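Undergrad: my questions are about this predicted structure, shown below with the sequence.
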Amino acid sequence: QVQLVESGGGLVQAGHSLRLSCAASGRKFSSYVMGWFRQAPGKDRVFVADVSWSGNTTIYADSVKGRFTISRDNSKNMVYLEMTGLKPEDTAVYYCAASTTILSPRPREFEYWGQGTQVTVSS
């Protein structure tokens, strides 16, 4: 089992950058696929990015490709989401998640979730 705690959210202006962090505790962190998802008010939770257990493979939602970068540091049990060129439509609660299966954009593939961190982008 793994516990996840996100941090780094906040209020930023459009075009600016923000870095989210996810601290994981528990066993075998390096064996988990890690992902970021987001949920805007009144909408479903949607996929943002995934990173493989080794960090060598990543996948992104089309809406963030080229602007966001997911990475992990297995020595520190940390996952990051570097967000650049932020847009008002990026406003959402961002969740870190862990999966024991494969890279996937489907939330149901992820067994463990953090509590979320709010990101608000003003125009």
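TA: Perfect, thanks for sending it. Being a predicted model, the structure only gives us computed values, none of them experimental. Numbering: from 1, shown residues only.

Undergrad: what helices or strands is whichever strand or helix holds Arg38 leaning on?
TA: Secondary structure assignment for Arg38, by DSSP states H and E: strand 33-39. Other elements packing on strand 33-39 under the criterion 3 or more CB pairs under 8 Å, 6 or more residues apart in numbering; DSSP states H and E are strand 18-26, strand 46-51, strand 68-73, strand 78-83, strand 92-99. For the C-beta atoms, the positions are set from N, CA and C on the backbone; glycine is no exception.

Undergrad: try it again at 7 Å.
TA: On a contact count with 3 or more CB pairs under 7 Å, 6 or more residues apart in numbering; DSSP states H and E, strand 33-39 meets strand 46-51, strand 92-99.

Undergrad: of those, give the one that comes closest to Gly9.
TA: Of all those, strand 92-99 sits nearest to Gly9, with 6.4 Å by CB to CB.

Undergrad: would CSV of the helices and strands packed on strand 33-39 with distance to Gly8, mean neighbour count and mean pLDDT be doable?
TA: Listed next are these as CSV, based on distance: least, CB to CB, whole Å; neighbours: other CB atoms under 10 Å; pLDDT from 0 to 100:
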stretch, distance to Gly8, mean neighbour count, mean pLDDT
strand 46-51, 14, 22, 98
strand 92-99, 9, 23, 97
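
Undergrad: distance to Arg72 added to the ones you listed, as JSON lines?
TA: Below are those laid out as JSON lines (distance: least, CB to CB, whole Å):
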{"stretch": "strand 46-51", "distance to Arg72": "5"}
{"stretch": "strand 92-99", "distance to Arg72": "11"}
